[in-house]
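Asker: requesting a structural model of the entry that follows:
(chains A and B, ligands or ions: 2)
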Amino acid sequence: MTDTATRDSEVVGGRVGKGLQSLSSFSSGQTKLEILAIIATAVVVIGGMELALLWFEVPQYVLPRPSEIVVALVGDFHLILPHLGHTLVVLFSGFAIGAGIGIVLAAVITQFPFAEKIIAPYILILVTTPMLALVPLLILRFGFGYEPRIIAVALASGPMVMINSATGFRRVDANKIALARSYGASTLQIFWKIRAPMALPMILVGLMIGAIFGLLTAVGAGMVGGGFGLGNRLTTYSSMIQMPQFFGVVLILSILGILIYVTFYLIGKKWASWEA
Amino acid sequence: MAAEVKLAVRGAGKRYGEMDALKDCSLDVAPNSIVSIVGPSGCGKTTLLWSMSGLHGLTSGEVLLDGRRITGPHPDIGLVFQEANLLPWRNLMDNILFPFEVKHQKPDHGWIAHLLERVGLTGFEKNFPNELSGGMQQRASIVRALSLRPSVLLMDEPFGALDAFTREEMNQLVEEIWMETHTTIVFITHSIEEALFLSDKVVVLTPRPGRVLNTYEVPFERPRTMEIMAGKEVYDLTYRIKADIYGQSRMQARAAE
Ligand SMILES: Nc1ncnc2c1ncn2[C@@H]1O[C@H](COP(=O)(O)OP(=O)(O)OP(=O)(O)O)[C@@H](O)[C@H]1O
Ligand SMILES: [Mg+2]
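Answerer: Ligands and ions are numbered 1, 2, ... in the order given. Here you go, the predicted structure:
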């Protein structure tokens, strides 16, 4: 028999992984040599920056040296940590609310193509309008606490999750639904066993983009709303010309962004790798 | 002669909007027999088969299983789709267990293991569909359909997408399965060779709207050897069925000029 040997199946983390192919090489198996090369490159780049900034005597308020950033970050971490906590609370609660509503709305609305057509423009407006613009208004209404920021994050991530999830739920495969129906599946069973898994890869894409948008908004709201949060730290440190601390916060933000990406990449690899 | 009938289609008609896909189509399927349906592309074969499975209703006429009218998907009827139609997010075993899950029914693991063995898929239970060849996927879908022990198996061009060699292997597999289970099979195909190898009866449909044009008995014993299949009788039948099908489209082409 010709087909008893399994074909090599490339393991790709679904569409989530496809978006950024270069990053997807992170989690695929690497040889020792490759890992060495990656570390060596990082050392050369960071070390080169350090030396170049020293050599050209670039003032610290223009661009601090990597070593200064690390020293400031470690030294002032106890001061930054509470703000990191605030931002994470805002991000997680806003994202959970926005994503939850987004997924449910997408699942419901795609069942009614007519209603979907009518609602689509409004969703598009929600997706394309930077929700940061609403923060001053939200502060007027809800004060300087967590609420306006959580709402802004939910408004920023929700529509993004919804629009992508809707694309997923719209991918109906008549044959797969017929298969389920031929075994007497109920509408609910068809939803959970056919439509939802079929939509999952796109839902994950939506969640990833939504989470990144949420992070942007959480930080931006902190810059506008003052008082607390990593965004607030950025404005404070820059106004006090504490550039090493400022870049330390920037570094934390990029790590958060990468963590979001890697999280959804790994989830996609585990649960949506069938869509290679 | 009042021959026994397992599955009967009586005056079936199906309209899609203004278009008739099937019109006044009638045929009988004897118990434990294999009936093939051939006909030009788009003549309504899938429409007919889905009606027989109860997946969709008819505009007119009826389908009878053991004399009782079919009104919806029936547990006694198994369906094999045009493509393997496996769920890509489930491994092979979970695909086969899907019907049991939907029905909240305990699977007969012994029978499933036997079927997997029979079609040569033992050891691939944990593989995902995209790791299996087209032939293996279609074999898995046959196992899925047979796992519930249906008394009628409806197959919609199951091997249409496979290469000629795999296709012949699969035909032999269907023959073997039939010799073991004697399941009544309705088999749609574009291949006259396949139809004659497998069936007791070949039904030729007209172009759309589908109606029965001719029915041919294929009275050879099983297993059908290469000698039988290369014989004059098979040759003659092939010729007549081809004349039915190509004659129609040629006449159509002329009429259109
Ligand atoms: N859901 C539907 N809505 C409208 N028209 C349909 C629908 N399903 C099938 N048709 C039409 O009905 C006709 C018969 O379709 P059907 O799929 O039954 O043909 P078929 O004989 O199985 O074709 P093939 O050999 O290509 O598989 C075709 O013209 C098709 O376009
Ligand atoms: Mg068809």
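Asker: next SSE downstream of the helix or strand hosting residue A:85?
Answerer: Per DSSP states H and E: residue A:85 is located in helix A:77-109. Per DSSP H and E, the first helix or strand lying C-terminal to helix A:77-109 is helix A:113-128.
Asker: now that next one: average pLDDT?
Answerer: Mean pLDDT, taken over the full extent of helix A:113-128, equals 88.
Asker: chain center to the helix or strand that it is followed by: distance?
Answerer: Where DSSP H and E defines the elements, the next helix or strand beyond helix A:113-128 is helix A:135-142. Here helix A:135-142 shows a centroid-to-chain-centroid distance of 25 Å under the convention CA atoms, centre = their mean, to the nearest Å.
Asker: enumerate every residue touching the closest residue to ligand 1 within the stretch 51-200 of chain A.
Answerer: Scanning the stretch 51-200 of chain A for the residue nearest ligand 1 gives residue A:174, at 7.9 Å (criterion: CB to the nearest ligand atom). All C-beta spots, glycine's among them, are computed from the backbone N, C-alpha and C. By CB atoms under 8 Å, 6 or more residues apart in numbering or on different chains, no residues touch residue A:174.
Asker: gap between it and residue B:55?
Answerer: Residue A:174 sits 10 Å away from residue B:55, going by CB to CB, to the nearest Å.
Asker: with residue A:199 instead?
Answerer: Counting by CB to CB, the gap from residue A:199 to residue B:55 is 23 Å.
Asker: between the two, which is the more surrounded one?
Answerer: residue A:199 (25 against 20; other CB atoms under 10 Å in any protein chain shown).
Asker: quick check: closest non-adjacent residue to residue A:249.
Answerer: residue A:233 (4.9 Å; CB to CB, 6 or more residues apart in numbering or on different chains).
Asker: now do the contacts for the one you found.
Answerer: Contacts of residue A:233 (CB under 8 Å, 6+ apart): A:80, A:83, A:222, A:245, A:249.
Asker: how about residue A:64?
Answerer: Applying CB under 8 Å, 6+ apart, the residues contacting residue A:64 are A:53, A:72, A:243-244, A:247.
Asker: would whichever strand or helix holds residue B:79 count as contacting ligand 1?
Answerer: For residue B:79, the element it lies in under DSSP H and E is strand B:77-80. No. With CB under 6 Å from any ligand atom as the criterion, ligand 1 is not reached by strand B:77-80; the gap is at least 13.5 Å.
Asker: stretch B:22-33 too?
Answerer: No. Looking at stretch B:22-33 against ligand 1 by CB under 6 Å from any ligand atom, there are no contacts, and the closest approach is 7.8 Å.
Asker: got the contact list for that stretch?
Answerer: Outside stretch B:22-33, the residues touching it (CB under 8 Å, 6+ apart) are B:3-14, B:35, B:37, B:44, B:47-48, B:51, B:58, B:61, B:152, B:182-186, B:199-201, B:203, B:205, B:209-212, B:215.
Asker: just give me how far that stretch sits from the chain centre.
Answerer: So, by CA atoms, centre = their mean, the centroid of stretch B:22-33 is 12 Å from its chain's centroid.
Asker: buried ones in it?
Answerer: For stretch B:22-33, the buried set under the neighbour-count rule, 16 or more other CB atoms under 10 Å in any protein chain shown, comprises B:22-23, B:25, B:27-29, B:33.
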